[in-house]
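Visitor: need coordinates for the below:
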Amino acid sequence: MAMTEVLTVPFIRSYWVVPGLFLAGYYPGDEDPAIAREKLEKLLDAGIRCIVNLMEADELDHEGLPFTPYDEDFRHLGAQRGVEVEVLRFPIHDMQVPSRATMRAILDAIDDCIQRKQPVYVHCWGGVGRTGTVVGCWLARHGIATGEAAIARIAELRQGDVVRRSRPSPETEPQRALVRSWRVGE
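Guide: Okay, here's the model as predicted:
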């Protein structure tokens, strides 16, 4: 699919980086099992077979409550449909940046999923900071957009996120600096 092709997103606060292959957004779980199941089913309906989770395992929400894990539910729903799915975790502390080696490992995992024709969903909690950083570095790696152009491209891609599109992505200056410094092929 062409980068400009428009596909419907599975839920608000998500956007296609590469239509049909690379989706980005926010945490796809929920404390309400029915809502979590609906989001995970919508990811499967959109063809997602790999999830790259950028959240820490012990991350807490604004009320100090842990996030409900969704990994096993996603695997179970995939098995019910007869499709193999995987969830990969590359924890990055909220509002922070990973090491360059960790970012390369994340980008390699995304590229591996795409190469295997296993559409991938990359997320953090809100889908803005850590997710935007990964998306920006991926765009730069592939020569789609580098430096400030990568940050501008993220803003364009996120226009469908009616809830969070006005927030800058990546969120912090260190996150934006990492994107600006990422090189083609890195």
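
Visitor: where does the most centrally placed residue in the chain land in three-state SS?
Guide: By CA atoms, centre = their mean, the mean C-alpha position of the chain lies nearest to Val122, the distance being 2.0 Å. Assigned by DSSP: H, G, I helix; E, B strand; the rest coil, the conformation of Val122 is strand.

Visitor: let me see the mean pLDDT of the top helix by length along the chain.
Guide: When the chain is parsed with DSSP state H, its longest helix is helix 100-115. Mean pLDDT, helix 100-115: 99.

Visitor: again, but for stretch 167-174
Guide: Stretch 167-174 comes out at a mean pLDDT of 96.

Visitor: can you tell me what sits against it?
Guide: Contact with stretch 167-174 is made by 95-97, 128-133, 135-136, 151, 154-155, 158, 176, 178-179, as judged by CB atoms under 8 Å, 6 or more residues apart in numbering. From N, CA and C alone the C-beta is placed, and that goes for glycine too.

Visitor: show me where pLDDT drops low in this protein?
Guide: In the predicted model, the chain carries pLDDT under 70 at residues 1-6.

Visitor: go again with 80.
Guide: Scanning the chain for pLDDT under 80 picks out 1-7, 160-165.

Visitor: what segments of it are helices?
Guide: All helices of the chain, identified by DSSP H, fall at 33-45, 71-80, 100-115, 129-141, 148-157, 173-181.

Visitor: tell me the buried residues in the longest helix of the chain?
Guide: Judged by neighbour count using 16 or more other CB atoms under 10 Å, the buried positions of helix 100-115 are Met103, Ile106, Leu107, Ala109, Ile110, Cys113, Ile114.
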